[in-house]
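Visitor: Take a look and give me a structure for this.
(one chain, ligands or ions: 1)
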Amino acid sequence: MTSVGDQEANFATCQRLAVEAKEAGCCMLFLPECCSFIGRNQQETVSVGEPLNGPAMARFQDLARSTGVWLSLGGFQETGPDPDHIYNTHVILDADGALVTSYRKVHLFNVEVHNGPVLMEARSTAPGTQLIACDSPAGRLGLTVCYDLRFPEVYQRLAFEHGAEIMLVPSAFTKATGEAHWELLLRARAVETQCFVIAAAQAGKHNEKRESYGHALIIDPWGDIIGKLDDPHATGIAVADLDFAKMAKIRERMPIKNHREQGKTCLGWK
Ligand SMILES: O=C(O)CNC(=O)[C@H](CS)NC(=O)CCC(=O)C(=O)O
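Guide: Next up, the predicted model:
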């Protein structure tokens, strides 16, 4: 999807996608970072911050309830620790609309992108302090957001210490960094954790200053791409069935989790 600075318009898009997901027989829909709002500047972003029991979340809870589809909201502007900062929070809602869990993005994108924008996320956003995994009808989820993708130890811990089976990487990747690294990093995280990866993506032009790479992907634990959205300007869903028997075979034939423990012992790591 292409979020803009209009919460009504973005919610209407999410609603349409949730109905499509229900009609396709999906148990869960994964929406990207900023699915409810992308501001033109930091003040706008901070100004839409709300607690997770506020009216903006209530609409998404109604949507989950009315469609019967679990929702991952890949990045929601949650009221932060002070008036100048929000949390960039990934929220999981169940089919009754109840909030299952939430994860506050830890790694903030303070980067001057070569041939791209200068984004200083920490000016408007405070970091989270905790990794989160939870069960869902799709499998056990490891929650991350966007730039977290570049920090592989997060995924190692989610897979091997929290038991995650599906890594969620909802994103608003920049066009320049997405072209270079998006698919490469997502497939690497899938292969090295032997997990599925579901990466919902913002796509196309949000405003005069912001454009996202798009190319939402669903990847299996062998690194094979099992769902994708090729058109970086279109809004839509990719649908996949997750083959957990294939995952079990991959893990059995190449027991990375055990070998990681052995390696840690050799190296004297805790
Ligand atoms: O600013 C907002 O409204 C919401 N936040 C985002 O879009 C975030 C921070 S600017 N984007 C990323 O993390 C891109 C990472 C990326 O592109 C990379 O790792 O290469």
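Visitor: Looks to me like Ile226 is in a strand.
Guide: Yes. Ile226 forms part of a strand when assessed by DSSP: H, G, I helix; E, B strand; the rest coil.
Visitor: count of residues packed around it?
Guide: Residues lying near Ile226 (other C-beta atoms under 10 Å) number 19. Bear in mind the C-beta positions are built from the backbone N, C-alpha and C, glycine included.
Visitor: before we move on, what about Asn258?
Guide: 11.
Visitor: Now do the host helix or strand of it: everything it contacts.
Guide: In this assignment (DSSP states H and E), Asn258 forms part of helix 256-267. Contact with helix 256-267 is made by Gln156, Ala159, Phe160, Glu192, Thr193, Gln194, Arg251, Lys270, as judged by C-beta atoms under 8 Å, 6 or more residues apart in numbering.
Visitor: okay, that helix in CSV with CA atoms only?
Guide: Taking C-alpha atoms only, helix 256-267 is exported to CSV below (Å, rounded to 0.1, in the frame of the first residue of the first chain):
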residue,chain,number,x,y,z
ILE,A,256,21.5,-25.0,12.8
LYS,A,257,19.9,-24.4,16.3
ASN,A,258,22.0,-27.2,17.9
HIS,A,259,25.1,-26.3,15.9
ARG,A,260,24.8,-22.7,17.1
GLU,A,261,24.8,-23.9,20.7
GLN,A,262,27.9,-26.0,20.0
GLY,A,263,29.6,-23.0,18.3
LYS,A,264,28.8,-20.8,21.3
THR,A,265,30.4,-23.3,23.7
CYS,A,266,33.5,-23.5,21.5
LEU,A,267,33.8,-19.7,21.5
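Visitor: Let me know the average pLDDT across it.
Guide: Helix 256-267 carries an average pLDDT of 98.
Visitor: so how far is that helix from its chain's centroid?
Guide: 29 Å (C-alpha atoms, centre = their mean, to the nearest Å).
Visitor: Around the ligand, pick out the residues from the chain.
Guide: Contact residues (C-beta under 6 Å from any ligand atom) of the chain with the ligand: 33-34, 38-39, 45, 88, 109, 119, 121, 146-147, 150, 172-174, 177.
Visitor: Taking those residues, tell me the two that lie furthest apart.
Guide: Maximum pairwise distance in those, criterion C-beta to C-beta, is 23.2 Å, between Gly39 and Arg150.
Visitor: on that earlier part again, helices - which of the contacts of helix 256-267 land there?
Guide: If you go by DSSP state H, those have Gln156, Ala159, Phe160, Glu192, Thr193, Arg251 in helices.
Visitor: The residues you listed, buried ones only, as a ChimeraX selection?
Guide: With 16 or more other C-beta atoms under 10 Å as the criterion, this ChimeraX line picks the buried residues out of the ones in helices among the contacts of helix 256-267:
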select :156,159,160,192,193,251
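Visitor: For the ones in helices among the contacts of helix 256-267, give me JSON lines that also has pLDDT.
Guide: Listed next are these as JSON lines, based on pLDDT from 0 to 100:
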{"residue": "Gln156", "pLDDT": "98"}
{"residue": "Ala159", "pLDDT": "98"}
{"residue": "Phe160", "pLDDT": "98"}
{"residue": "Glu192", "pLDDT": "98"}
{"residue": "Thr193", "pLDDT": "98"}
{"residue": "Arg251", "pLDDT": "98"}
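Visitor: can you put the ones in helices among the contacts of helix 256-267 in JSON lines and add distance to Ala245?
Guide: Compiled in JSON lines, the ones in helices among the contacts of helix 256-267 are given as follows (distance: C-beta to C-beta, whole Å):
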{"residue": "Gln156", "distance to Ala245": "24"}
{"residue": "Ala159", "distance to Ala245": "18"}
{"residue": "Phe160", "distance to Ala245": "21"}
{"residue": "Glu192", "distance to Ala245": "21"}
{"residue": "Thr193", "distance to Ala245": "18"}
{"residue": "Arg251", "distance to Ala245": "11"}
